[in-house]
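Trainee: here is my input, please return the structure:
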Amino acid sequence: ARFGTPRAIISDLDTRFCNDQFVKVMLKYDVTYCLATAYQPQTSEQVEVSYRGLVRILERTVGENRASWLDKLDDALWAFCKSFKTPIGCTLYKLVYGKACHLPIELEHKAYWALKQCNYDILTAGDHRKV
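Mentor: Numbering: from 1, shown residues only. Coordinates of the predicted model:
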């Protein structure tokens, strides 16, 4: 396995994870097994943090037209997977695939100029504050 044996597995009360065979495997590999309440993301803090991050991205991309959130979901998930996560020190894409994701050159160029414009506006705003 790429990441080795997990230290812990957290699952809901799914019958695939609540049986004698699964418990024996957990004991054999010294993996802690925890149960979380089904359909309650509040029981897992990391799930809740990820959910809030995804909702924040959706709110910003959808804006006032909340009816179009389903159309923007793929883009929001892509942005979420490509954003740097400080606790793990990389993007989710890199964690799963083991390499950085490179965008097509047209998108990288647009992103570069959008960022450059944003930085320029911040500098301009700072200059106006000093005056």
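Trainee: need phi/psi at Leu35.
Mentor: With angles defined as degrees, to the nearest 10, Leu35 sits at phi -110, psi 140.
Trainee: so it touches Asp14, yeah?
Mentor: No. Using Cβ atoms under 8 Å, Leu35 is not in contact with Asp14, being 9.6 Å away. The C-beta positions use only the backbone N, C-alpha and C, and glycine is treated the same way.
Trainee: between the two, which has more neighbouring residues?
Mentor: Leu35 (14 against 9; other Cβ atoms under 10 Å).
Trainee: which residues does the more buried one contact?
Mentor: Contact analysis of Leu35 by Cβ atoms under 8 Å, 6 or more residues apart in numbering lists Ile10, Ser11, Asp12, Leu13, Cys18.
Trainee: what do you get if the cut-off is 7 Å, keeping everything else the same?
Mentor: By Cβ atoms under 7 Å, 6 or more residues apart in numbering, the residues touching Leu35 are Ser11, Leu13.
Trainee: contact partners of stretch 49-63?
Mentor: For stretch 49-63, the surrounding residues in contact (Cβ under 7 Å, 6+ apart) are Pro41, Ser68, Trp69, Lys72, Asp75, Ala76, Ala79, Phe80.
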